[in-house]
Every structure is written in C-alpha cells, then in structure tokens.
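K.L.:
need a 3D model of the following:
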Amino acid sequence: MLGSLTGTVAAVLENRLLIEVQGVGYWVFTGGWRPVENTDVTAYLHHAVREEASDLYGFPSIASLQLFEQLITVNGVGPKAAMAILSLDSADRIRQAIATGDTTFLALASGVGKKAAEKIVLDLKKKMGVLTLEGSNAHVQDELIETLENLGFKQQEIAPLLTKIPAELTTTEEQLAWALKERGKRN
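P.N.:
Okay, the predicted model is just below:
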C-alpha cells in the first residue's frame, strides 16, 4: 500500500493533481488542497481500492490524512464527502467543529446535508481525543482532556485549546499548566 508521494506537480485539475515521481505520474484526488504547478510536494496518501477503481487521495499533512480516515468510518460518508469537508478549513478547525457539535459548519460541505453532519458529530465527537494533532502523544492528550473535564472545563472549551497547544509541551503537566494559563487570559 502507498503511504506518501514526493514529487513535482505536473498538472492541477479541479479536484486532483498529477504528481510525477521519477518519470511516473500519479493522479491524486486532493479536494481543496491545490499546490502550484511545477513545485515539489509531499502528499500523504489514502489508497481506496474498490471493485471498479483504485483511487489515491492526497493530503498535505498526516493530521489531515488521519481526519479523512476517521470521516470515512462514518456510515454514509464516502471519500468525496470527506474531501468536501476537508476543503472547508484546516483539519484543526474541522476537529473543533466536530467536538463542539457545529453541524451547520459541517453541512456547508458540498454533498453533506444536515443529517450527515449530525451523524458525523454523533459518531466522531467522542473520538476527537483520539485524533491527535501532528507531533502530539495520544495518551498525553487523553489524560489532558480527562483532567480538564474533571476541573470543570466544558468540551466546547477543551477542543479549541487542544488545537493551540505549543508542540514543545509534551507532558500532561506542561500542557495542563499552559491550558490553565490560557483560560485565565480569557477570563
């Protein structure tokens, strides 16, 4: 199975790129991600094999790839709908929308109605702690979420904080101290 491609963007079409790697061109569906032609890129891939097709879906980061793979686990959400959702904004903003139950935002994606948005929130809201941010540790993040909830933080407060934690803070204690200071700035 393919995991990533690093090469030159040979062509940019409406929803896909042609990435050339050592003389071989790969068509990769990219949704809203549109690198400029003749630039070098790395695309992190999801390879979808069906009876009638073998498609590559490419993402600029592992975090976006992880979110895509979580979205397609929701019954009724296929790769096209997941790509439309990822085209709305950053992976962090989409995670925040799911964690806070913002179905209006999710329903803005082409082909995603209110019912599908509600299903996404219902299925993935509890998993948002498992979807780690790039470079973070799932165990540390889960501990932080649990601690913040025990301190009275609401899920709507926790999700935005998780997207802003500096990468150099790697322990639960460091992240908790930062989150408490950040909340103090708002009050």
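
K.L.:
use CA for all of it now, contacts and neighbours both
P.N.:
Noted.

K.L.:
which parts of the chain are helices?
P.N.:
Listed in chain order, the helices of the chain (DSSP state H) span 62-71, 79-86, 91-100, 103-106, 114-124, 138-150, 155-164, 172-186.

K.L.:
can you put those in a markdown table and add mean pLDDT and mean neighbour count?
P.N.:
What follows is the helices of the chain, written out as a markdown table (pLDDT from 0 to 100; neighbours: other Cα atoms under 10 Å):
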| stretch | mean pLDDT | mean neighbour count |
| --- | --- | --- |
| helix 62-71 | 90 | 20 |
| helix 79-86 | 94 | 22 |
| helix 91-100 | 86 | 21 |
| helix 103-106 | 91 | 18 |
| helix 114-124 | 92 | 19 |
| helix 138-150 | 75 | 17 |
| helix 155-164 | 74 | 17 |
| helix 172-186 | 84 | 14 |
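
K.L.:
between those helices, which gets nearest to residue 7?
P.N.:
Ranking the helices of the chain by distance to residue 7, with Cα to Cα as the measure, places helix 62-71 first at 16.9 Å.

K.L.:
which stretch among the helices of the chain comes nearest residue 27?
P.N.:
Per Cα to Cα, nearest to residue 27 of these: helix 79-86, 15.2 Å.

K.L.:
the closest one vs helix 91-100, what angle?
P.N.:
Interaxial angle of helix 79-86 relative to helix 91-100 (axes from the mean of the first three to the mean of the last three Cα atoms, to 10 degrees): 100 degrees.

K.L.:
domain ranges for the chain?
P.N.:
For the chain, automatic domain parsing gives the domain ranges 1-60, 62-127, 132-186.

K.L.:
which ones are touching residue 81?
P.N.:
109, 110, 111, 112 (Cα atoms under 8 Å, 6 or more residues apart in numbering).

K.L.:
in ChimeraX, how would I select the buried members of those?
P.N.:
Buried residues among those (16 or more other Cα atoms under 10 Å), as a ChimeraX selection:
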select :109,112
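
K.L.:
which strand residues bridge residue 55?
P.N.:
Beta-bridge pairing for residue 55 (DSSP bridges): residue 48.

K.L.:
residue with max distance from the center of the protein?
P.N.:
Centroid-distance maximum for the chain: residue 23 at 30.5 Å, with Cα atoms, centre = their mean.

K.L.:
for residue 92, see how far away residue 35 is.
P.N.:
Separation of residue 35 from residue 92 (Cα to Cα, to the nearest Å): 20 Å.

K.L.:
surely residue 35 touches residue 11?
P.N.:
No - Residue 35 is not in contact with residue 11 according to Cα atoms under 8 Å; the separation is 9.7 Å.

K.L.:
is it true that residue 179 touches residue 161?
P.N.:
Yes - taking contacts as Cα under 8 Å, residue 179 lies within contact range of residue 161: 6.7 Å.

K.L.:
distance from stretch 149-157 to the middle of the chain?
P.N.:
Mean-position distance between stretch 149-157 and its chain equals 22 Å (Cα atoms, centre = their mean, to the nearest Å).
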